[in-house]
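[1] sequence-free structure coming up:
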């Protein structure tokens, strides 16, 4: 029996929000069958400690969260003939850091460093083809970045209550949670505004 090709494309919209006067970030990943985020397959919203880190680091944190989401669900995606994922963000700075086309080499290096342990072929690498769309005009995932949709918000709030308010939090980006996008997407996709990363 001939094995079927795994060639379907899905879109992973990702975003974040740090509510005012809080020590946490809410991040959403929305997997869809379309660029306009109308055919939602699944979504995942998580809350993590953020403390006083800046917007650039929060954006990188949301990107790492999207990669973690892909790593966690890649077997199910493959089993359902999805072989290519296109990341979707509105954040043009983050897009440039991921594609290494910015003037901020420090941020590019940070993105690369955080994802190096999960290259294709490594024990925890992503084996799907993954690319990123050019920055979009609308952030479709942002509306899901709310406390009531977060699967772990209550637990994190309890942890934060027990933590000193004066402490500055470091980014909790352990190498085991980081995944790079290194696979090649199929040939017809780049014409639609996607870039291989």
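    Structure's in. What do you need? For clarity, every value in this text was computed on a predicted model and none was experimentally measured.
[2] C-alpha only now, for contacts and for neighbours.
    Will do.
[3] hang on, residue 82 packs against residue 9?
    Yes - with contact defined as CA atoms under 8 Å, residue 82 and residue 9 form a contacting pair (5.8 Å).
[4] In this structure, mark out all the helices, start to finish.
    Secondary structure of the chain, counting by DSSP state H: helices at 55-79, 92-99, 105-115, 153-161.
[5] Same list (those helices) but as TSV, adding distance to residue 124, mean neighbour count and mean pLDDT.
    TSV is the format used below for the helices of the chain (distance: least, CA to CA, whole Å; neighbours: other CA atoms under 10 Å; pLDDT from 0 to 100):
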stretch	distance to residue 124	mean neighbour count	mean pLDDT
helix 55-79	8	19	90
helix 92-99	19	20	92
helix 105-115	11	17	83
helix 153-161	26	14	61
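[6] And the residue nearest the centre of the chain, how far from residue 103?
    Nearest to the centroid of the C-alpha atoms of the chain, with distances taken as CA atoms, centre = their mean, sits residue 66, at 1.9 Å. According to CA to CA, to the nearest Å, residue 66 and residue 103 sit 24 Å apart.
[7] Any idea which of the helices of the chain gets closest to residue 126?
    helix 55-79 (5.8 Å; CA to CA).
[8] which strands and helices sit next to the closest one?
    strand 8-17, strand 24-32, helix 92-99, helix 105-115 (3 or more CA pairs under 8 Å, 6 or more residues apart in numbering; DSSP states H and E).
[9] before we move on, the earlier item: would you mind giving the helices of the chain as TSV with distance to residue 22 added?
    Formatted as TSV, the helices of the chain follow (distance: least, CA to CA, whole Å):
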stretch	distance to residue 22
helix 55-79	13
helix 92-99	23
helix 105-115	25
helix 153-161	10
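[10] quick revisit: is the residue nearest to the centre of the chain in contact with residue 16, as I believe?
    No - in this structure, residue 66 is not within contact of residue 16 by CA under 8 Å, at 10.5 Å.
[11] Tally up the residues packed near the nearest residue to residue 136 once chain neighbours are set aside, please.
    The shortest distance from residue 136 to any non-neighbouring residue, by CA to CA, 6 or more residues apart in numbering, is to residue 90 (4.6 Å). Neighbourhood size, residue 90 [other CA atoms under 10 Å]: 20.
[12] per-residue confidence at residue 89?
    Reported pLDDT at residue 89 in the predicted model: 95.
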